[in-house]
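[1] compute the structure for the input listed below.
(one chain, ligands or ions: 1)
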Amino acid sequence: MPYPYKKMTEADFDAIRAFTAPERVWVGEEIAREYYHDEMPEYGVFPPELYVEVLCRDEVAAIMKYAYENNIPVVARGAGTGLAGGANCKYGGIMLSLMKMNRIDPVDTQNMTVTCQPGALITEVAAAASAAGLFYPPDPGEKTASIGGSIITNAGGMRAVRYGVTRDYVRCIEAVLPDGSIAHFSSNVVKNTTGFDLKDLVIGSEGILCICTEVTLRLIPAPNCTCTLVLPFESLERCIDCVPALLRLPFVPTAVEFLERELIEIVERTLHKPLPVREGEAVLIVMYDASSCDELTQCCDAAAAAALDAGALDVLLADTPERIGSVWSVRAAILEGMKADSIGQEECDVVVPRAKIAEFVKAAKKICLAHGVRVEPCGHAGDGNIHTEMLRDPGMTDEEWKSATHACLTELYAKSKELGGQLSGEHGIGNGRLEFLQPFVGDTVYGLYKNIKLAFDPKLILNPGKMVTFD
Ligand SMILES: Cc1cc2nc3c(=O)[nH]c(=O)nc-3n(C[C@H](O)[C@H](O)[C@H](O)COP(=O)(O)OP(=O)(O)OC[C@H]3O[C@@H](n4cnc5c(N)ncnc54)[C@H](O)[C@@H]3O)c2cc1C
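    I've put the predicted structure just below:
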């Protein structure tokens, strides 16, 4: 297969400058170190040979055509907040930043959609929707992620329990293919059986099939009111066992997250963000949205009664923006808190059937502790997407940490499979989970992945060595 790639020369640098502008091109040592990796340097630190900021689709197309003809690898870059080692130049070549392509068109209130370029931030798109009285629900934990990155990774987030994931809000995508040609995947229609659904194939393709240059997103009516319940439990087991009782109620929660006391203390200690509940070894944070105050009261009453029945020690209601904000800011600060509290992190992002959450969490703790690894399972209890966070203690050598976490991951993925789960619920494969994908999905499915990659990118120049490899 066509690795190795062409090493870029001055002539190649000049060609990219000619397609764009010299002041938007950086080469070699001029490139800032932050572009060598995404939010997980553990999953790869690789210098690009050239970093370019593009302003329009035609610049992307010209660069891709040139790269394709000259066998130069290209990696699209959004905000670099990915957690899979996706936005790095594993084989050198060009890093192409979409962040300056950030136009958001006026909201189309007739179709209830908004069209934007990939560099717009999720928060900016959500704000544009809100200003038009509408709502863009996808809400991954990192608010500075780009809309393009979130579509190409099919980001999930807290509100998936009620509203689903990013995929559920994409109407159509404009993209540049690896050879520089332009493709439109679907259009601004509600349903579509016109040929294969390539739009849904491209969503979640982790930048290995095409570069998204424009997207139209579905918006929905905004809920009128929201509140958050904080439910402490004496043990993690009781906390997790309460989740099915909440999900069986006739009110669908917006979010159901769980945290253990140790993790709350890490966030309080390192970032000074206190959770307004002191008791309990584990805590559920449950959010409800509703179209009226009456409906919201019914949701909260039913959830509080179900939680107390299931052993909750107390029910704290956060119903003002300040109190709601202070609760969710603790949840949002987990990754930052763990980074401040340990010298290295490894993460397992499995998703299991909701009925198996408690079983997986209990097994995950056992597995990691058996390998001497400090572990903090947490996350999206409402949709079965458990983030098993492993933290490195200073006493561990590089070798000990690597082999212990590798052993943990192998067993955690096996457990997820045994329970009918999947390898990744929202963070994807990238470079970090690559070696585990083929054994998990099996040769037949992995063979299809490879053929799909080849159909889009026969020269393997777009984000090579991610998700599928040909080594
Ligand atoms: C604190 C924190 C919390 C997070 N919480 C969540 C969460 O709750 N749920 C969740 O799903 N994720 C979460 N993430 C992960 C991350 O925010 C998402 O994956 C996000 O959508 C990535 O967007 P980005 O712009 O940073 O993409 P990047 O990291 O820049 O890129 C991600 C991948 O997409 C490709 N890519 C980027 N833009 C394009 C484009 N326009 N065309 C083609 N390919 C492209 C890149 O090549 C790369 O493979 C979290 C991250 C952090 C740091």
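[2] where does the stretch 301-450 of the chain get nearest to the ligand, which residue?
    Glu426 (3.4 Å; CB to the nearest ligand atom). In short, each C-beta sits where N, CA and C put it, glycine included.
[3] show me what the helix ranked longest in the chain is in contact with.
    For the chain, the longest helix by residue count, based on DSSP state H, is helix 398-418. Helix 398-418 is contacted from outside by 344, 346, 348, 350-352, 360, 363-364, 367-368, 371-373, 375, 388, 390, 392, 396, 422-423, 436, 440, using CB atoms under 8 Å, 6 or more residues apart in numbering.
[4] for it, which residues meet the burial criterion?
    Within helix 398-418, the residues that qualify as buried are 401, 404-405, 407-409, 411-413, 415-417, counting by 16 or more other CB atoms under 10 Å.
[5] is the helix or strand following that helix in proximity to the ligand?
    With elements assigned by DSSP states H and E, the helix or strand that comes after helix 398-418 is helix 434-441. No: Helix 434-441 stays clear of the ligand (CB under 6 Å from any ligand atom), getting no nearer than 12.1 Å.
[6] buried set for helix 434-441?
    By neighbour count on 16+ other CB under 10 Å, the buried set for helix 434-441 is 434, 436-438, 440-441.
[7] same question, stretch 280-294
    Using 16+ other CB under 10 Å as the test for burial, stretch 280-294 gives 280-290.
[8] do the same with stretch 28-45
    For stretch 28-45, burial by neighbour count (16+ other CB under 10 Å) applies to 31, 35-40, 42-44.
[9] I'd like the average pLDDT over it.
    Mean pLDDT, computed over stretch 28-45, is 97.
[10] from the ligand, how far out is the residue nearest to Glu426 when sequence neighbours are not counted?
    Spatial nearest neighbour of Glu426, excluding adjacent residues (CB to CB, 6 or more residues apart in numbering): Gly156 at 3.4 Å. If you measure Gly156 against the ligand using CB to the nearest ligand atom, to the nearest Å, the figure is 4 Å.
[11] counting neighbours, what do you get for Gly156?
    Gly156 has 26 neighbours, counted by other CB atoms under 10 Å.
[12] pretty sure it contacts Asp383?
    Yes: at 7.3 Å, Gly156 counts as touching Asp383 under the criterion of CB atoms under 8 Å.
[13] between those two, which contacts overlap?
    Residues touching both Gly156 and Asp383 (CB under 8 Å, 6+ apart): Gly425.
[14] hang on, the earlier thing: distance of the residue nearest to Glu426 from Ile266?
    Look at Gly156 and Ile266: by CB to CB, to the nearest Å, they are 23 Å apart.
[15] what's the answer for Met101, then?
    When distance is defined by CB to CB, Met101 is 37 Å away from Ile266.
[16] Leu259: what secondary structure?
    Assigned with DSSP: H, G, I helix; E, B strand; the rest coil, Leu259 falls in the strand class.
[17] for it, give me its contacts.
    With contacts defined as CB under 8 Å, 6+ apart, the neighbours of Leu259 are 275, 282-283, 285, 330-331, 334, 378.
[18] show me the residues you listed that map onto strands.
    Judged by DSSP state E, the contacts of Leu259 include 282-283, 285, 378 as members of strands.
[19] need those in a markdown table with pLDDT and distance to Glu262, can you?
    Shown next, in a markdown table, are these (pLDDT from 0 to 100; distance: CB to CB, whole Å):
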| residue | pLDDT | distance to Glu262 |
| --- | --- | --- |
| Ala282 | 94 | 10 |
| Val283 | 96 | 11 |
| Ile285 | 96 | 16 |
| Cys378 | 90 | 10 |
